[in-house]
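>>> Coordinates for the following, if possible.
(one chain, ligands or ions: 2)
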Amino acid sequence: MTEEIRKGLAGVVVDRTAVSKVNPETNSLLYRGYPVQQLAERCTFEEVAYLLWHGELPTEAQALEFQELERSLRPLDGTVKDAIDALPLEAHPMDVVRTAVSVLGALDGTLQTDRTWIDHDLTQERSIRLFAQLPAIVAYAQRRLRGEHLVEPRDDLAYSANFLHMTFGEVPEKVVVDAFDVSMILYAEHSFNASTFTARVIASTLSDVYSAVTGAIGALKGPLHGGANEAVQHVFEEVGEAAGAQAWLDAALAEKRKIMGFGHRVYKNGDSRVPTMKRALGTLVEHYDRPEVLALYEALEQAMDAAKSIKPNLDYPSGPAYNLMGFDTEMFTPLFIAARITGWTAHVMEQLSANALIRPLSLYDGPEEREVPRA
Ligand SMILES: CC(=O)SCCNC(=O)CCNC(=O)[C@H](O)C(C)(C)COP(=O)(O)OP(=O)(O)OC[C@H]1O[C@@H](n2cnc3c(N)ncnc32)[C@H](O)[C@@H]1OP(=O)(O)O
Ligand SMILES: O=C([O-])CC(=O)C(=O)O
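Ligands and ions are numbered 1, 2, ... in the order given. This next block holds a predicted model:
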């Protein structure tokens, strides 16, 4: 029998999903049927989280109930804070956040008594807890890099305004909060990407949602996936200014370097989310009066298009946007975690609702059977 190997599972359909639809032909992305561009324009990130989990946007009463619950779960758990404080300051924030999520799992008393494994309601409760705790964890990870103390959450603020307040100690102007909220919505969900698939593999063994999310964070960290938003900022710093983009790209391509923030496994004619995020970046460029950032963005984009016809992915506009907002570069991928927690957990619940253990086959190409050379 000849088995066909599809390296990287490229082009392989492994299951159904009703969470989102990525359509490279029409360059569109739907969350539960709604175009992500409309969601970014008309909804808050909290509403989008609710949509991803429940399949419908919340009614006013449901939104209020969700808001109260989320706000009540915001203060950073004391044991998680102690665990973070025990880590070296040099630890990468992705490792800090991954550890904090794992600690939250170990602290969750319901895991000790839960023997039903696939209890949807419990997984949903844990998902909201993770959603509400992640801003505190990520904001604290940023603050300790700067030798600053934890800032307590404010329950009079919506998710994004509170996130920025906990990070910077103040709420920035609306244009910044809005750009941040848009980035959270765009990063929330993207079908069977590497980290979501990791979460689904872990869930398929009937493990718990904290374990699935911890594994997903590990998958997101790599620069071929979420780590690219951080890598884009390094590229911008290496290139320096728009005038140097062409020469930098020629040299990088001659060295066969992958250009971070460009290319995608599914989209081959551009990422559906980029125009919306580029607009958000544009508002920040205007707000902070940093036109040189957009000039460099466009110079490198055009040079890459001319050289390879490869278009930017979402990490390309997000990197410089987070830089303008004032985040340290190592914090960019942790921000992606705070957004993608919604998609990951929606997929974990979907996986559990129609589970099959994920266990593919491999084609063995090692040595033929042989004798162990020992008496
Ligand atoms: C939110 C996200 O996770 S989006 C993805 C973020 N990741 C990045 O930005 C990292 C840079 N991009 C890449 O490495 C790739 O485009 C990936 C990993 C995202 C997708 O890769 P794949 O679908 O496996 O395509 P693959 O890597 O085989 O690329 C196909 C061809 O395009 C080239 N290519 C693709 N992306 C790039 C790039 N960013 N820079 C240079 N060349 C590239 C490859 O070298 C390859 O060329 P070849 O056929 O001559 O060997
Ligand atoms: O879909 C992918 O492979 C990667 C991606 O863009 C995402 O996870 O947002």
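
>>> Next one: whatever residue of the stretch 1-150 of the chain ends up closest to ligand 1 from Leu224, what distance?
Relative to ligand 1, the nearest point of the stretch 1-150 of the chain is Gly8 (5.8 Å; CB to the nearest ligand atom). All C-beta atoms are positioned from the backbone trio N, CA, C, and that covers glycine. Distance check for Gly8 against Leu224: by CB to CB, to the nearest Å, it reads 10 Å.

>>> Backbone torsions only: list them for Pro291.
Reported as degrees, to the nearest 10, the phi and psi values for Pro291 are phi -60, psi -20.

>>> if I pick it, what's in contact with it?
For Pro291, the contact set (CB atoms under 8 Å, 6 or more residues apart in numbering) comprises Val285.

>>> and it, what pLDDT?
On the pLDDT scale, Pro291 is placed at 98.

>>> Tell me the pLDDT of the residue nearest to Tyr210 when sequence neighbours are not counted.
Distance criterion CB to CB, 6 or more residues apart in numbering; nearest residue to Tyr210, sequence neighbours excluded, is Gly105 at 2.8 Å. Gly105 is assigned 95 on the pLDDT scale.

>>> Against Phe327, how distant is the residue of the stretch 1-150 of the chain closest to ligand 1?
For Gly8 relative to Phe327 (CB to CB), the value is 31 Å.

>>> who's more crowded, those two?
Neighbour count, other CB atoms under 10 Å: between Gly8 and Phe327, Phe327 has more, with 23 against 9.

>>> which non-adjacent residue is nearest the more buried one?
Distances taken as CB to CB, 6+ apart put Gln142 closest to Phe327, at 6.4 Å, once the chain neighbours are dropped.

>>> helix or strand for the one you found, which one?
helix 120-145 (DSSP states H and E).

>>> Run through the neighbouring helices and strands of that helix.
helix 45-54, helix 60-72, helix 78-85, helix 93-107, helix 109-113, helix 159-168, helix 209-221, helix 332-353 (3 or more CB pairs under 8 Å, 6 or more residues apart in numbering; DSSP states H and E).

>>> now with 7 Å?
Helix 120-145 is packed against helix 45-54, helix 60-72, helix 78-85, helix 93-107, helix 159-168, helix 209-221, helix 332-353, with contacts defined by 3 or more CB pairs under 7 Å, 6 or more residues apart in numbering; DSSP states H and E.

>>> Centre of the chain to that helix, how far?
How far helix 120-145 lies from its chain's middle: 13 Å, per CA atoms, centre = their mean, to the nearest Å.

>>> Could you give me the buried positions within it?
For helix 120-145, the neighbour count (16 or more other CB atoms under 10 Å) marks 122-145 as buried.

>>> which residues does the residue nearest to Tyr210 contact?
Gly105 makes contacts with Leu111, Asp208, Tyr210, Ser211, as judged by CB atoms under 7 Å, 6 or more residues apart in numbering.

>>> Which other helices and strands does the lowest-mean-pLDDT helix or strand in the chain contact?
Least confident helix or strand, the chain: helix 109-113 with a mean of 73, by mean pLDDT, DSSP states H and E. Packed against helix 109-113, as judged by 3+ CB pairs under 7 Å, 6+ apart, are no other helices or strands.

>>> quick one: the closest residue to ligand 1 within the stretch 101-250 of the chain and ligand 2, what's the gap?
Nearest residue of the stretch 101-250 of the chain to ligand 1 (CB to the nearest ligand atom) works out as Ala228 at 3.5 Å. In this structure, Ala228 and ligand 2 are 9 Å apart, going by CB to the nearest ligand atom, to the nearest Å.

>>> what are the phi and psi angles of the spatially closest residue to that residue that is not a sequence neighbour?
Using CB to CB, 6+ apart and skipping residues adjacent in sequence, the residue nearest Ala228 is Asp315, 4.0 Å away. Dihedral pair for Asp315: phi -70, psi -20, per degrees, to the nearest 10.

>>> Quick one: residues contacting Asp315.
Ala228, Asn229, Val232, Gly261.

>>> ok, the second one - contacts?
Okay, so that is Asn229. Asp315, Ser318, Gly319, Tyr322, Phe332, Thr333, Phe336.

>>> Which positions in the stretch 251-375 of the chain make contact with ligand 2?
Taking CB under 6 Å from any ligand atom as the measure of proximity, the stretch 251-375 of the chain contacts ligand 2 at His264, Arg265, Val266, Asn313, Leu314.

>>> try 8 Å this time
Neighbours of ligand 2 within the stretch 251-375 of the chain, by CB under 8 Å from any ligand atom: His264, Arg265, Val266, Tyr267, Asp271, Arg273, Asn313, Leu314, Asp315, Arg340.

>>> Apart from its neighbours in sequence, what residue is nearest the residue of the stretch 201-350 of the chain found nearest ligand 1?
Residue of the stretch 201-350 of the chain nearest ligand 1, by CB to the nearest ligand atom: Gly263 (2.2 Å). Spatial nearest neighbour of Gly263, chain neighbours left out: Ile310 (5.0 Å); criterion: CB to CB, 6+ apart.

>>> Please consider this matter closed, and thank you.
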